[in-house]
Structure formats: C-alpha cells, structure tokens
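Peer 1: Can you look at this prediction? I've put the sequence above it.
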Amino acid sequence: MKILAYLIQKEFIQIFRNKAMLPMITLLPIIQLILLSNAASNEVKNVKLVVVDKDHSAQSRLLTRKISANDRFSLVAATLSDYEAQEIMQANKTDIILQIPENFERDFLSGAKPRLQTLVNAVNGQQATVGSGYLNSIIGSFNGELMSEIKQTNWSSQNAQINVASRNWYNPELKYTHFMAPGILAELTALLTIILSAMNIVREREIGTIEQINVTPIKKWQFVLGKLVPFLCLGVVLLIVGLSASKLIFDIPIRGNIGLIFVYGIVNLVAVLGLGLLISNFANTQQQAIFVAFFFILIFVLMCGLFTPIDSMPKWAQYFTIPNPLAHFISVSRKVLMKGSGLADIRMEFLYTTMLAFLFNGLAVWSYKKQS
Amino acid sequence: MSEQAIKVEGLTKRFGDFTAVDTISFQVEKGEIFGFLGANGAGKTTAMRMLIGLSKPTEGQGFVAGFDINTQAEKIKKNIGYMSQKFSLYNDLTVKENIRFYGGIYGLSKSRISEKTEDILAELRLFEVAKKPVRELPLGWKQRLSFAISMVHDPDIVFLDEPTGGVDPHVRRQFWETIYQQANAGRTIFVTTHYMDEAEYCNRVSIMVDGKIAALDTPDQLKKQFNSKSMDEVFLKLARNV
C-alpha cells in the first residue's frame, strides 16, 4: 500500500509540473464542448428548394407560399422549365425540386387527385430524407386544410383526417444542445483519459525509466494501479469541469442524481483507462500508442449513439456497442440528466461497464511484462 | 551456492534464429569488481538483462544473490541494484524526489528514506541542487546520482550497464572512484563497458565476442596470455581471431 502511495505521488507531481496538462484538462474540453455541441447538429435546416409551378393558380401559389414560409426551407428559385430546375440541382444549388403540374387546381377541385412530384438530391442522404419528409408533411397539411375548406360532402368524409398531436418528452423544446452536450462530455472524457494513460506508460518506456521500475520488486498490479488512480482523478476533474460548463453555458437539465453520474463515471473511467493501459503495453513508441488509441476512439465515437442512433444500426453493429464503454456512458448521461433515471434504469449499463472495467484492467495487468 | 554472488551455467538467449547469448558460464565472487566487456552487439546487455530478471533465459541455469534466475526473478530484484545506460532518473522530478520515489518503491520506511536522502546528498555534494529538476544537472552528476539511487535499498550486487557513456575521461575516473568505494564496502559490482581502459580497473574481466565468452581472467593475466601491453590490444586480438 505504501509503495502504491509513492507511485501515485510521483505521478501527480509529474502531472502538475507539466505545463500543458492544466489547459489540456480545462480549456480544451470547454472549447470542444461549446464548438461540438452547437455545430454537430443532426437537425436539418436550410433545405434548398426549387419550385416548378406550371399551374400558376391561386392554389399552387398558396402551396408555394406555405412551404417557403416554413423556416426550414429556403426557396432558391421558381421557374417554369424542368430543364432549368435540373440544372440548378446539377450545380448542387438545391436539395429538392417540387413540380406542380398544369391544371393542378382544376384537377384538385374536380376531385381528380392531381400528382405533385418531388425530386430529391440524395447525395446528402440525411438532408434529402429529412427534407422530403418535412415537405411531405407540409403538403399533407395543405391538402387537409384545402379539403376541409372545400367540404365536398362525399369524399371528404371518406378521407376523414386523423390528427396526430405529438409532444416531446424529456426535451420539450427539442433543444439540440441538451441532447448533444452530455454525450459530447462523455466522449471528451473518454478520449482524453484514454490518450493520456496510453501515452504515459509508453513515454516511460521511451525514456527508459520503466526498465528501472521493472528491476524493482514492485508488483504488476501496483504499477498498473499506480498509473490508473492519478488518471482516474484527472478524469473526474474533467467530468466536473465539463458538467459545470454544460450547465452554465447550455443550461442542460440535471434531473437525476448527479452523484449517480459520478459513480457511474468513475466505473466508466476505470474501464476506459484500463484499455489505455492495455494499449500502452503493446506499443513501443508514442506514435504507435496514438495510432492504436485512435483506432479504438474512432470506432467508439462513431458507434456510440451520439451521431447515429444505435437502434438504427444493423443488428450485428448493435452488438458491437456492448464492449463500447462510450456508448454506455452516453446512454447513462442522457438517461440520468434528461430523464432523471435512477440506478434501476441504468443497471445494464452499469453491469456491462463493470465487466469491461475488470476485463480491460485484468488484461492490462496480465499483459504487462516485467520480464521479456 | 551462496559463496558466489553470481553463478551462471550454459546461459543462452535466442531471439528467433539469432543467438544473442550462446551458452556462457562464469562465476563472480562476493565483493569483486567484475568487468563484462565486448563490442556493441556482442550480447553483453542481453546477458546482463537475464541476470537482473528483465529477460527470461532460453536455456541454462543461473543464481544471483543466491536466487534462481529462472524462477525467482522477483526475489533477485530485492537484492540487486541496476543502473542502465539510459540512466533512468525522472528528468522532471527533483534530485530529492527521485531519491524518495525509488526509495519508496523499494519499500523503504519514511525515516530510512530521509536518512538515505541526506547520505546521498552529502556524499555527492548535491545539497545546493537538491530541489532542482534532474534535467538541469550535468551528465556526470546525473550518472553518479543514478548510481547512488540504484543502491538506495543497499543491495548486495550492483549491475552497471555502460555507466560512463558520453563523459570525459576525468569524470569517468571520478565515477570509478565511487565504484571502488562501494566494492571496498563489500558490494559486488558487475559492470559492462566498451572502454578498454576501464577494464584495467576491474578485478576480473570477461570478454564477449559474438555471444560467447572468449576470455575470462584478471587484466594482468589476460595481457600475459595474449602477449599484449594493454587491454585494448587484447581485445583487438580476440576480435580478429573470431
């Protein structure tokens, strides 16, 4: 135990003496938090639209006005020629072309069900699907209003409207930053600690001090724990800084028990640090360590449910999120912060993360070789 | 078994097809200064790493400080000191902090650590720089501090791997004086070097060529045997034969 204390003491002296460390664990995360939470938005805004109105009737103009009044759409051009509209799309200046056929109004009033056509630029898949979804719902409501105005007895009752009134729970104003900030915080913490821990041991290998430690009778678990504890403390500081910043800047809701976040956060950090230490055992240079760490970080970040929902991944990919500590952290932080979930609701995340913590650290101790 | 500080029989280390150390056998008496010589790549560092428990022998037997190098590496580590060629002090820690850290991980008590710190600072006259980071010390001082720290737990045997690389002859002499002091105090010194003039300072010398021990005796005997005036000549003759 005393030996461990000396290891930890030495690590802390080095951390505090390193001038780059303090800004790295305070300033950098805050900047990233602000930048990413605002910019990394999945919301689709500014869908560019070209309307080809061949009808030029009161109704077609009403529809066009209705669409352009919606702040998600910006009308780039109104033209009569299909060719011109396609040129605009070819030049990537529009996302959607809406074609209103001739005799649209007349057909509509006579009950002939005229057909509108939308041409969607699917190069940017998300913009395309979400944008055309918005457009369809605007057209749908236009359709409904129009029909209730006309009140053509027979078929209006056949096509009785069902109104869906939806409310957004847990994030009623659909504030994107509320959703992103906790996730990005989890991501930043994992990322920084994994890199710092992986680099640390490898640096000792590069300068040769690890050899000096290996000729002492120190136990392997003592060495690994001596590296783990200081970086765990750093991670907790990072969490405190990040959560405070998120609260102050984005006013994120903290509905659940903040202590629960920290208890889970510590388990999660232990898991992530274990992976960092494991990586460092197999790397001879800091470049190698960074390279391998990035391999994992990239997979973790892209498959953690922050940018794409885990539910919409293929089944096999969903299984891959189980050994991803970041996915659990994001899930926990969203549940606890936004929904106010308690321990029972996050028990699976807790279970998986604890298993990962044991697995990664066990492997780290096992693969740390004092003797080659 | 315990009369000798080090006893090795048929020690071998292979890396794939390459045999770095090829069935070497030798003994080192207690209190002896044993020089382990050889050109770069002759296998002396590899051999030494097996003795101090950093590397597992492929074949062969060996006892260091009375413990088996094959099975009791961790026990050996309690009884030996090691100073590597990349002297392993933490550059960003102060002189005092380095002493405290290494004392601490050898399990020394707090009072013993302060005693040791005083001793080392006094012996090396480092009081003025005790609170300076080690990186600011001249190379020769770092080497002597590194040597002192490798003995912080009072080991029976100290292994020195090319301890005087990169310093001028004057500083090297100073360093050897401290080695003599330690040997006189009863410590066994096992030192690798490729400076042939340093070989003259050793009680006995082994010369490794291509993984094998090509010669082993006192410097005087070796010079007689090879009909040479200096160890340098002995070494050149040996290298040419192989």
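Peer 2: Received, thanks. Just so you know, these numbers come straight off a predicted model, no measurement behind them.
Peer 1: how about low-confidence regions in chain B?
Peer 2: Under the criterion pLDDT under 70, the flagged ranges of chain B are B:1-2, B:87, B:242.
Peer 1: Looking at it, which helix is longest?
Peer 2: Secondary structure of chain B read by DSSP state H shows that its longest helix is helix B:169-184.
Peer 1: buried stuff in that helix?
Peer 2: Of the residues in helix B:169-184, those buried by neighbour count under the rule 16 or more other CB atoms under 10 Å in any protein chain shown are B:171-172, B:175-176, B:178-179, B:182-183. Quick note: C-beta positions are derived from backbone N, CA and C, even for glycine.
Peer 1: and residue B:17, what does it touch?
Peer 2: Residues near residue B:17 by CB atoms under 8 Å, 6 or more residues apart in numbering or on different chains: none.
Peer 1: For it, what are phi and psi?
Peer 2: phi -80, psi -20 (degrees, to the nearest 10).
Peer 1: roughly how far apart are it and chain A?
Peer 2: From residue B:17 over to chain A the distance is 18 Å, taken as CB to the nearest CB, to the nearest Å.
Peer 1: Over to residue B:129?
Peer 2: If you go by CB to the nearest CB, the gap between residue B:129 and chain A works out to 17 Å.
Peer 1: tally of neighbours for that residue?
Peer 2: Using other CB atoms under 10 Å in any protein chain shown, residue B:129 has 19 other residues around it.
Peer 1: wait, isn't residue A:228 in contact with residue A:277?
Peer 2: Yes. Between residue A:228 and residue A:277 there is a contact under CB atoms under 8 Å: 6.8 Å.
Peer 1: possible to save the buried residues of helix B:169-184 as TSV with distance to residue A:107?
Peer 2: Formatted as TSV, the entries for the buried residues of helix B:169-184 read as follows, by distance: CB to CB, whole Å:
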residue	distance to residue A:107
B:171	101
B:172	103
B:175	102
B:176	106
B:178	104
B:179	105
B:182	106
B:183	109
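Peer 1: between the residues you listed, which is nearest chain A?
Peer 2: Each of the buried residues of helix B:169-184 was checked against chain A using CB to the nearest CB; the closest is residue B:182, at 17.3 Å.
Peer 1: Next, the contact list for the residue of chain B found nearest chain A, please.
Peer 2: When scored by CB to the nearest CB, chain B has residue B:104 as its residue closest to chain A, at 2.9 Å. Applying CB under 8 Å, 6+ apart, one finds that residue B:104 lies in contact with A:2-3, A:5-7, A:9-10, B:113.
Peer 1: hang on, it in a helix?
Peer 2: Yes. The assignment for residue B:104 by DSSP: H, G, I helix; E, B strand; the rest coil puts it in a helix.
Peer 1: How much space separates it from residue B:184?
Peer 2: Using CB to CB, to the nearest Å, residue B:104 is found at 28 Å from residue B:184.
Peer 1: Which positions in chain B make contact with chain A?
Peer 2: Within chain B, the positions adjacent to chain A are B:52-56, B:73-75, B:77-78, B:80, B:82, B:84, B:86-93, B:97, B:100-102, B:104-107 by CB under 8 Å from any CB of the partner chain.
Peer 1: buried subset of those?
Peer 2: The buried subset of these - by 16+ other CB under 10 Å - is B:52-55, B:73-74, B:77-78, B:80, B:82, B:84, B:87-90, B:93, B:97, B:100-102, B:104-106.
Peer 1: What about residue 68? Give its phi and psi, please.
Peer 2: The chain I'm using is chain A. With angles defined as degrees, to the nearest 10, residue A:68 sits at phi -70, psi -20.
Peer 1: I was after chain B.
Peer 2: When read as degrees, to the nearest 10, the backbone of residue B:68 gives phi -70, psi 130.
Peer 1: That one contacts residue B:62, correct?
Peer 2: Yes. Residue B:68 sits in contact with residue B:62 when judged by CB under 8 Å, with a separation of 7.3 Å.
Peer 1: who has more neighbours, these two?
Peer 2: In this comparison of residue B:68 against residue B:62, neighbours counted by other CB under 10 Å, the higher total goes to residue B:62 at 22 against 14.
Peer 1: now the residue of the stretch 1-150 of chain A found nearest chain B, nearest residue through space, not along the chain?
Peer 2: Among the residues of the stretch 1-150 of chain A, residue A:6 lies closest to chain B, at 2.9 Å counting by CB to the nearest CB. Computed as CB to CB, 6 or more residues apart in numbering or on different chains, the closest residue to residue A:6 that is not its neighbour in sequence is residue B:104, at 2.9 Å.
Peer 1: Quick check: that neighbour vs residue B:112, distance?
Peer 2: The separation that residue B:104 has from residue B:112, given CB to CB, amounts to 10 Å.
Peer 1: do the same with residue A:84
Peer 2: Counting by CB to CB, the gap from residue A:84 to residue B:112 is 90 Å.
Peer 1: Next: residue B:200.
Peer 2: As it turns out, when the distance is counted by CB to CB, residue B:200 lies 36 Å from residue B:112.
Peer 1: Please identify which helix or strand holds residue A:139.
Peer 2: Under the assignment given by DSSP states H and E, the secondary-structure element containing residue A:139 is helix A:125-150.
Peer 1: got it, and residue B:205?
Peer 2: Following DSSP H and E, the helix or strand that holds residue B:205 is strand B:204-209.
Peer 1: now swap in residue A:261 and tell me
Peer 2: Secondary structure assigned from DSSP H and E places residue A:261 in helix A:258-282.
Peer 1: which residues in chain B form strands?
Peer 2: With strands called from DSSP state E, chain B shows them at B:4-15, B:18-29, B:33-38, B:59-64, B:67-68, B:80-83, B:157-161, B:188-193, B:204-209, B:212-217.
Peer 1: chain center to the fifth one, what's the gap?
Peer 2: Shown here is strand B:67-68, whose average C-alpha point lies 18 Å from the average C-alpha point of the whole chain (CA atoms, centre = their mean, to the nearest Å).
Peer 1: Within the sheet, what are the partner strands of it, with directions?
Peer 2: Looking at strand B:67-68 with DSSP bridges, its paired strands and their directions are strand B:59-64 (antiparallel).
Peer 1: how many neighbours does the closest residue to residue A:130 other than its chain neighbours have?
Peer 2: Leaving aside its chain neighbours, residue A:130 sits nearest to residue A:44 (4.1 Å; criterion: CB to CB, 6+ apart). Residue neighbour count, defined by other CB under 10 Å, stands at 17 for residue A:44.
Peer 1: what's the answer for residue B:160, then?
Peer 2: When counting by other CB under 10 Å, one arrives at 25 neighbours for residue B:160.
Peer 1: Leaving out sequence neighbours, find the closest residue to it.
Peer 2: Using CB to CB, 6+ apart and skipping residues adjacent in sequence, the residue nearest residue B:160 is residue B:191, 4.3 Å away.
Peer 1: try residue A:106
Peer 2: Leaving aside its sequence neighbours, residue A:106 sits nearest to residue A:57 (CB to CB, 6+ apart; 7.7 Å).
Peer 1: Also residue A:241?
Peer 2: Sequence neighbours aside, residue A:26 is the residue nearest to residue A:241 in space, at 5.5 Å (criterion: CB to CB, 6+ apart).
Peer 1: Which strands and helices lie in contact with the helix or strand that contains the one you found?
Peer 2: Element membership for residue A:26 (DSSP H and E) is helix A:21-39. Based on contacts counted as 3 or more CB pairs under 8 Å, 6 or more residues apart in numbering or on different chains; DSSP states H and E, the elements that helix A:21-39 packs against are helix A:176-207, helix A:220-250.
Peer 1: continuing past it, what's the next helix or strand?
Peer 2: Sequence-wise, the next helix or strand beyond helix A:21-39 is strand A:47-53, with elements assigned using DSSP H and E.
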